[in-house]
Structure formats: C-alpha cells, structure tokens
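Participant: Coordinates for the following, if possible.
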Amino acid sequence: MQGVGDFYGGILHPLVVPAHVLSLVMLGLLAGQRGMAAVRRTYLGFLPALVAGLALSGAGVAEDPEPLLLLASALMGLLVVLQWRLPPGLFPLIGATVALLLGLDSAPEGLAPAPYVATLAGTALGAFACLLLVADLSERASPGWQRIGLRVLGSWGAASATLVYAMRWLVP
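Facilitator: Sure thing, here's the model as predicted:
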C-alpha cells in the first residue's frame, strides 16, 4: 500500500484482498459459532501456520494459493450455514490451513529486507486482529435472530467466494 508505510500497509493488506478478508471472516464465523473453546483451538493452529506461511511467502513455495483460499472460504461459509457440529480437533487444522494459505499469498514485491519484514509483521497483526474481532462478535451472538444473522453472513460469504472464484476463470 503506497502512502501509509510498510507496517500499516501490511495491516491493511488482509482487509483489502477479497480472498483474504473472506477467508478470515468465514473462519471467524465458523469458530465463533461453536463457542470460545473452538475459537481458542482455532488460534492454536492459526498463529504458528500464519508465521510459517509469511516466512515462506517469498520463497515461491506456492504458485497461486488464492483459489484454494476461495474454496476454503466457500466451504467454511457452508459449514456456518449448516451449523454442523465439527469435531473439536478439526478447528486447529482448519485455522492452520487458512493461515498457511493466507501467509503464502501475502508476499510483498520489490521491497528491501527491513520494509519486507515490517510489511509481513503488519500483515500478521492485521489478519489476527480481523479473525479475533469476527470470532469474538460471532461468539457473543445470542440465540435467535443473531444466530440466524450469522448463518446469513455465512451464506453470503460462501456465495461471494464462489463468485470470485468463478470470475478468476471467466475474466482473463
């Protein structure tokens, strides 16, 4: 992001890339819908995998992880809509998968080492803050119309991820 500095540009990065924000919101909704224990388990997988993904982002490990992020977002959105009771052990795995893909897709281009690290640190903070906020708000939703609202958001997220995924193939 030009004009805001490397660190602050990194903070904003996960919030301005559609695949990133969709995956973070869907993961937050999915974990928050299952309660604080699921949120904690998600963080256990998310944080180390995000650091690993960001560390590997410049190495060219993955060619283009964005389609996988979009597919993961669509699946998580469907899980939010269906309200399936997932085994607790899946939450760290889901969080780690999303975080690794997000980190691999966040490599800034053409920066010197110090701004590169500042941008990646900002990206980690922005991604975690977004996930934390969505998961917390989702977990606090009371039964009734607020839980229905979460399911509606999940369906919109699944539809949006599917549309963005389809547009990647249709528009050259």
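Participant: how many neighbours does residue 122 have?
Facilitator: Counted with other CB atoms under 10 Å, residues neighbouring residue 122 total 24. In short, each C-beta sits where N, CA and C put it, glycine included.
Participant: Residue 96 too?
Facilitator: Residue 96 has 20 nearby residues by other CB under 10 Å.
Participant: which residue sits closest to the residue positioned nearest the centre of the chain, ignoring its sequence neighbours?
Facilitator: In the chain, the C-alpha closest to the average C-alpha coordinate belongs to residue 24, at a distance of 2.6 Å (CA atoms, centre = their mean). Excluding the flanking residues, the one nearest residue 24 by CB to CB, 6 or more residues apart in numbering is residue 130, at 4.6 Å.
Participant: name the element that neighbour belongs to?
Facilitator: helix 113-140 (DSSP states H and E).
Participant: List the buried residues of that helix.
Facilitator: Of the residues in helix 113-140, 115-120, 122-124, 126-128, 130-132, 134-135, 138-139 count as buried by neighbour count, 16 or more other CB atoms under 10 Å.
Participant: list the helices and strands it packs on?
Facilitator: For helix 113-140, the packing partners by 3 or more CB pairs under 8 Å, 6 or more residues apart in numbering; DSSP states H and E come out as helix 6-16, helix 18-33, helix 36-56, helix 90-104.
Participant: Next, the angle from that helix to helix 6-16.
Facilitator: Relative orientation of helix 113-140 and helix 6-16, computed by axes from the mean of the first three to the mean of the last three CA atoms, to 10 degrees: 40 degrees.
Participant: need the next SSE after helix 113-140, C-terminal direction.
Facilitator: Next along the chain after helix 113-140, taking DSSP H and E as the criterion, comes helix 145-170.
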